[in-house]
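# have a look; sequence and predicted model below, questions after that.
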Amino acid sequence: MEVKLVARTLELIELFAQVRRPLPLTELAQGLGAPMSSCLALARTLVARGYLYEVRRRGGYYPTAKLHALSAQILTGDPRLEQVRPQLVALRDAADETVMLAKIQDGDVLYLDVVEATQPVRYAARPGARRPLHTSAVAKAILARLSPAERESALAPAEYTRYTDRTLVTRQALLAEVERVAERGWAENVGESVADLTGLAVALDLGGEWYALCMAGPTPRMEARREEHVRRLAAAAQAIRQERET
């Protein structure tokens, strides 16, 4: 269950990230779908705490650098992201496709870190994005490493919505694919979530918790270099494991 005030504050931050310009109170209220009085109280609180400032009188509000500075401090304290990010950057540089670190969280796949490709046509994603379990190479890679009971628990909240004609729309179909992933050691999503998009993933054990490294991009490019991409993902996962052991 969401806390309304917290959700509205996060939506305000996301709104500024989307529009990237100062917003007067009327536009804030419209963008958040909230009463003007509530938005005014929220804006004044954030101004008082140093997170927003008024660019000029009645000229609109915009975030200060405080949120960015705090976020940077928080990220430097995350031992997993600090360890994995260099490998994500190296993978992106080698393949020029978008790469992610992700895990299963509360019935979805959660992207923890993303390094986007530089190509004009690429898979665009952001840290914190969530994706359905049944269409994700990440989920398949992780599920393949779990016991049957753990798989059932992870899949309990899943809803098998059809997104394309290749979407796996039953638990039986997904579990059959997970068994194939367990045999070969890597997972893929070829057009199951978005037509002409392919994702490849390998599981990664970090401190007894299963994560996955994933690479995604347009299907023709990904298919042309599938074996190479899988080898690079597996090598990156191995390098991270070895670094943790030293």
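Noted; the coordinates are in hand. Computed from a predicted model, the values in this text were never measured in an experiment.
# could you use CA atoms for every contact and neighbour count after this?
Fine.
# just give the number of residues close to Leu155.
Other residues lying near Leu155 total 20 when counted by other Cα atoms under 10 Å.
# is it correct that it is in contact with Gly107?
Yes. Between Leu155 and Gly107 there is a contact under Cα atoms under 8 Å: 6.8 Å.
# now the common contact residues for the two.
Both Leu155 and Gly107 are in contact with Leu133, where contact means Cα atoms under 8 Å, 6 or more residues apart in numbering.
# the worst-scoring helix or strand of the chain on mean pLDDT: what's the following helix or strand?
None of the helices or strands of the chain scores lower by mean pLDDT, DSSP states H and E than helix 66-76, at a mean of 77. Note on helix 66-76: by DSSP states H and E, the next helix or strand toward the C-terminus is helix 79-95.
# relative to helix 66-76, how tilted is that next one?
Helix 79-95 runs at 90 degrees relative to helix 66-76, counting by axes from the mean of the first three to the mean of the last three Cα atoms, to 10 degrees.
# so for the least confident helix or strand of the chain, what gets flagged as buried?
Across helix 66-76, burial judged by 16 or more other Cα atoms under 10 Å covers no residue at all.
# check which helices and strands the longest helix along the chain is in contact with.
Longest helix in the chain by number of residues (criterion: DSSP state H): helix 226-245. Counting contacts by 3 or more Cα pairs under 8 Å, 6 or more residues apart in numbering; DSSP states H and E, helix 226-245 is packed against helix 79-95, strand 197-206, strand 209-218.
# of those, which approaches Arg126 most closely?
strand 209-218 (12.9 Å; Cα to Cα).
# so, low pLDDT: which residues of the protein?
1-2, 75-79, 245-246 (pLDDT under 70).
# domain-wise, how is it divided?
By the assignment in automatic domain parsing, the chain contains the domains 4-69, 77-245.
# quickly compare these and say which is most buried.
Among these, the stretch with the highest mean neighbour count (mean count of other Cα atoms under 10 Å) is domain 77-245, at a mean of 18.
# contact partners for the residue most central in space within the chain?
By Cα atoms, centre = their mean, the chain has its centre lying nearest to Tyr111, at 2.2 Å. By Cα under 8 Å, 6+ apart, the contact set of Tyr111 is 100-103, 126-130.
# and the gap between the residue of the chain positioned farthest from its centre and Arg122?
Most distant residue from the mean C-alpha position of the chain: Arg57, 37.6 Å away (Cα atoms, centre = their mean). Arg57 is 41 Å from Arg122, where distance means Cα to Cα, to the nearest Å.
# same check on Arg56?
Separation of Arg56 from Arg122 (Cα to Cα): 38 Å.
# alpha carbons of the longest helix of the chain, as CSV, please.
Extracted in CSV, the C-alpha atoms of helix 226-245 (Å, rounded to 0.1, in the frame of the first residue of the first chain):
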residue,chain,number,x,y,z
ARG,A,226,24.1,-13.4,-29.6
GLU,A,227,26.9,-15.9,-28.8
GLU,A,228,29.4,-13.1,-28.4
HIS,A,229,27.0,-11.2,-26.0
VAL,A,230,26.3,-14.3,-23.9
ARG,A,231,30.1,-15.0,-23.6
ARG,A,232,30.7,-11.4,-22.4
LEU,A,233,27.8,-11.5,-19.9
ALA,A,234,29.1,-14.8,-18.5
ALA,A,235,32.7,-13.5,-18.3
ALA,A,236,31.5,-10.4,-16.5
ALA,A,237,29.6,-12.4,-14.0
GLN,A,238,32.6,-14.6,-13.4
ALA,A,239,34.9,-11.6,-13.0
ILE,A,240,32.5,-10.1,-10.4
ARG,A,241,32.4,-13.4,-8.5
GLN,A,242,36.2,-13.7,-8.5
GLU,A,243,36.6,-10.1,-7.3
ARG,A,244,34.3,-10.7,-4.3
GLU,A,245,36.3,-13.8,-3.4
